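Novice: next input, structure requested:
(2 chains)
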Amino acid sequence: MPRYNPAIVEPKWQQFWEQNQTFAAPRLPTGEKLYVLDMFPYPSGDGLHVGHPEGYTATDIVCRYARMCGKSVLHPMGFDSFGLPAEEHAIKTNTHPREQTEKNIDNFRRQLKMIGFSYDWQRELATTDVAYFRFTQWIFLQLFDTWFDPQSQQGRPIAELPIPDDVAAAGEQAVDQYRDEHRLAYQTHAPVNWCPALGTVLANEEVIDGKSERGSHPVVRMPLRQWMLRITAYAERLEAGLEQLDWPESIKTLQRNWIGRSSGAEVDFFIGPTLQFAAWKEARATAGFPRKPEDDVLRIYTTRPDTLFGATYMVIAPEHPAVERLTTPEQADAVAAYCQAAAAKSDLDRTELAKEKTGVFTGAHAVNPVNGQPIPIWIADYVLISYGTGAIMAVPGHDERDFEFAKKFDIPIVAVVDPQRDIETAARDDVLSAQAVFTGDGAAINSGDYDGLATAEFKTRIAADLSQQGLGRSAVNFKLRDWLFSRQRFWGEPFPILHELDADGNATDRVRPVPAEELPVDLPHLDDFKPHGRPEPPLDKAPEDWLYQEIDGVRYKRETNTMPQWAGSCWYYLRFLDPQNTERLVDPEVERAWMPVDLYIGGAEHAVLHLLYARFWHKVLFDRGVVSTDEPFRKLVNQGMILGEVEITGFQRADGSWLGTGEVTTDEEGNSIEKATGAAVSAVRVDEHDAEKQGESFVLKADPSIKLDSRAYKMSKSRGNVVNPDAVIREYGADALRLYEMFMGPLEATKPWNMEGVNGVRGFLDRAWRMIADERSEAPALNAAVADVEADEEQNRVLHKTIKAVTEDFDRLSFNTAIARLMEFTNYFLKIDRRPRAALESFVLLLAPLAPHLAEELWQLLGHTDSLAYEPWPAFDEALIREATVEIPVQVNGKLRAKIVAAADADPAALEATARADGKISEILAEKTVVKAVVVPGRMVNFVVK
RNA sequence: GCCGGAGUGGCGGAAUUGGCAGACGCGCUGGAUUCAAAAUCCAGUUCUCGCAAGAGAGUGUGGGUUCGAUUCCCACCUCCGGCACCA
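Specialist: Modelled structure (predicted):
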């Protein structure tokens, strides 16, 4: 056989696997099951990026390894194919987005197959498949049909929702409305992020700093009818469920922060005449804390009920329903102006500009329930209507924001928490004299009977007291908001919802779900895909026969919003289990057998949204009995980002003279300028041969006084540092690509690409080939050094050490070190003239998960006729690894002074004696007194001397 | 500002429990082979001093615990990622 040629070997085996359906998973697992999932890609027009195969290679190795260990493996792949780019392309070319989408999928599939991943391709799916989104729509119907029972913390059928008597008495329409208010899928008119440039409304998480995540277009707030999903109902369970998951702690933290659970208390402040306060308080003491606040109180949420005595004013959000009621005539104009201005502000303005606090006094006062003090009520946009009750008690002494506000508007500040020993004396004095803010825990002061209590104790005590007096109750809040679930796009799943129309063709606000058996609701034909620039969805342009329907004499209009891209990716892992099922989304028997996903690998960019949305849907499906597990993804791993090649950059003035990185800064627009003069400078790419390391940084070889910048950047088209996997495969082969992606460093780490490194692992594959194959012969032939001989002791030790290390490395997804061990094996056996065939066979099996094409080819060359995909994984023998003698370092005062050779099982006394006998050591010890000898058997000897 | 993660040769990285720092690979240097080059093979390669034997320093910085610290503790610096008025 000639030289190793991946261009021939790789397609050959890819064809073999496909023809033999080598990786088809059975309907039900036949032994121990392993469900390994990749985050399926969005098939963009650019094709695969080298970042994709990183995680995909890792899971592929896990799967191939697991099959050899006898596990039943499910490893599918599909496409998250709804998305804006295809629709934008459709608008431009006036072709159906499906056309472009399918072309892109074909390209992605071709690329994925070229890398030799062991997917069960029969299970391939795309979220844009009508047969697939039929069930996405079906799940939406489930959400629509479910309400969350806070008592049992469970989603239940809407039919089981208890209807209060007063609602029932109000008639059928009131009951329907009551139900609609409790569904997990509901409609709202809340202000949304309308992006005129994209012609769509965006979810909060798609807006970054007031601009669209995609394209950075400005976003404005406007009210629009939207579908929402009540994910907040599941906040408690989504938070609690994290604990049991084998996920990176950092991702769990990210989700916890996103969910943002906080606990505190709701407290009612009386806003009637001060004279009536006592009577009100008395009434409350008997009546208790009402479910909904009456008009004569302002309900607030606080996490620090212990600072109640320090509340010197209150703030309500500009959108708070009590604004009008509270505003006095004298303040009416100012309040109206303020609220109007606040409404016009985007979220960006409200945060960014509000470094300086703004607000307006309502003219009204409330009575502090703990001390009867009247305090002013303000309106300020630093209080958000969407969090808590939309109103706060302001404690400027112990809250940064309140402090700032009180300073600006000259509102009294009262210290009620003594920091005690937590901070320096001077700082503490500032806090006690209300000159400074302190947000930590301490001891209560100025708090009546509670004085002296520690913060934590105060909190529980006052919560109980307030509750007993009917003034407050413990409460939990979440930062998590309900999920804005509709998009004004064409290329998404249509909602299976009909809107009732009255005789004049106007919507009645009553909706009716499309029955499950009538699904799917396919997308209609459109003559063109151009948005009309209004917030109404493009589906409003659909033909009448799609848009309107008459049932039982009532006319209905279809919902024209579509679902967001997240919808399809929320449940694809379930469909992979049973992709051809036309009856239901997954057969329960199959679901029970394969779920949960045992290993899920993907990018950290999905840490919050995708993974939280999918968990939410899963929990609803669990509550509704569709799936058998409470959580979908047992173990999660995030692969790190792959950056472009390292670039060394220097800066030059207009005249071409160099200046160091320290002399350069950026102006507001992000341009590089010279610090001293403010003149524009240009960044220049410096060849690595023209740079050298000096101390901490790189400098110009020609002028070492010029410091350079050395770093790798995110791959991007604009920077021109994108590496195309097709090109890598063409030049080095798929196995080399796979191997390099894994050899770069730990899977989770961010790491720069380096083409020389690909060449390096290709060199290893070449050597592995030469170790077994004869590269000079024309026909396939074994290397003459391959011999049917028994491995000697040392060869066995190398082999079994390698098996052990590779096995353990695979188990902990440490592929870079596994490859290093295989390289060591190759380096050793290449030097041997008679290479035991059995050892080489084991080596090929160890290599197989990493470089499957090469391994299959060598396996065949070694005389096997079948694929090695299900060949048993080599076992190691600990006894063969053990060495008779070991080299042991001898230290004096912790410094390495000599090395001794001793029996591996030598006892401490023997080791110490051997160490003392060493020429070098005895020389050193002769002049000193040994205070102590530390001997760790098999590891080291250390003499502590004086 | 808050919450995560990370800082080890020229570069990517290794060191699983506190026990020989730098495995493995790239790059570089020298050599063999070649008319020459590529490829391949051999040797070397943390830094400083030294012809060498060897000595000293060394895992972002400063301190601490320990016979012994890349690993544990405290403080700080830098970089990366996320969040950002959530009461």
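Novice: write out the residues of the stretch 751-900 of chain A neighbouring RNA strand B.
Specialist: A:751-752, A:754, A:756-757, A:759-761, A:763-764, A:766-767, A:805, A:808-809, A:814, A:816-817, A:819-820, A:823-824, A:827, A:830-831, A:886-889, A:891, A:893-897, A:899 (Cβ under 7 Å from any atom of the strand). For the C-beta atoms, the positions are set from N, CA and C on the backbone; glycine is no exception.
Novice: following the helix or strand hosting residue A:839, which helix or strand shows up next?
Specialist: Using DSSP states H and E, the element containing residue A:839 is helix A:837-847. Moving toward the C-terminus from helix A:837-847, the next helix or strand (DSSP H and E) is helix A:852-861.
Novice: tell me the angle that following helix makes with helix A:837-847.
Specialist: Interaxial angle of helix A:852-861 relative to helix A:837-847 (axes from the mean of the first three to the mean of the last three Cα atoms, to 10 degrees): 160 degrees.
Novice: ok so, going back, please name every helix or strand in contact with the helix holding residue A:839.
Specialist: Helix A:837-847 sits against helix A:755-772, strand A:786-787, helix A:793-811, helix A:815-830, helix A:852-861, with contacts defined as 3 or more Cβ pairs under 8 Å, 6 or more residues apart in numbering; DSSP states H and E.
Novice: in that helix, what counts as buried?
Specialist: A:837, A:838, A:839, A:840, A:841, A:842, A:843, A:844, A:845, A:846, A:847 (16 or more other Cβ atoms under 10 Å).
Novice: might you report the residue contacts of the fourth one?
Specialist: Think residue A:840. A:771, A:772, A:786, A:829, A:862 (Cβ atoms under 8 Å, 6 or more residues apart in numbering).
Novice: repeat the analysis, applying 7 Å as the threshold.
Specialist: A:771, A:772, A:786, A:862 (Cβ atoms under 7 Å, 6 or more residues apart in numbering).
Novice: quick one: it from RNA strand B, how far?
Specialist: 16 Å (Cβ to the nearest atom of the strand, to the nearest Å).
Novice: now do the domain split for chain A, please.
Specialist: Per the record, chain A has its domains at A:157-231+A:482-558, A:262-476, A:647-711, A:749-875, A:883-945, by automatic domain parsing.
Novice: centre of the chain to the second one, how far?
Specialist: Here domain A:262-476 is found 35 Å from its chain centre; the criterion is Cα atoms, centre = their mean, to the nearest Å.
Novice: first-to-last residue distance for that domain?
Specialist: One end of domain A:262-476 to the other measures 6 Å (Cα to Cα, to the nearest Å).
Novice: now do it, average pLDDT.
Specialist: Averaging pLDDT along domain A:262-476 gives 88.
Novice: swap in the first one?
Specialist: Averaging pLDDT along domain A:157-231+A:482-558 yields 86.
Novice: ok, the shortest one next?
Specialist: The average pLDDT within domain A:883-945 is 84.
Novice: center of chain A - which residue?
Specialist: Nearest residue to the geometric centre of chain A (Cα atoms, centre = their mean): residue A:607, 0.6 Å.
Novice: so what's that residue up against?
Specialist: A:251, A:254, A:638.
Novice: with residue A:67 instead?
Specialist: A:73, A:869, A:870.
Novice: so how far is residue A:838 from it?
Specialist: Residue A:67 sits 22 Å away from residue A:838, going by Cβ to Cβ, to the nearest Å.
Novice: those strands in the stretch 401-550 of chain A, which residues are they?
Specialist: For the stretch 401-550 of chain A, the strands defined by DSSP state E, counting those that start in this stretch cover A:417-418, A:443-444, A:472-477, A:483-484, A:497-501, A:507-513, A:548-551.
Novice: you'd agree residue A:624 is up against residue A:146?
Specialist: Yes: counting by Cβ atoms under 7 Å, residue A:146 is a contact partner of residue A:624 at 6.3 Å.
Novice: circling back to that earlier point, next one: the residue nearest to the centre of chain A, what pLDDT does it get?
Specialist: 83.
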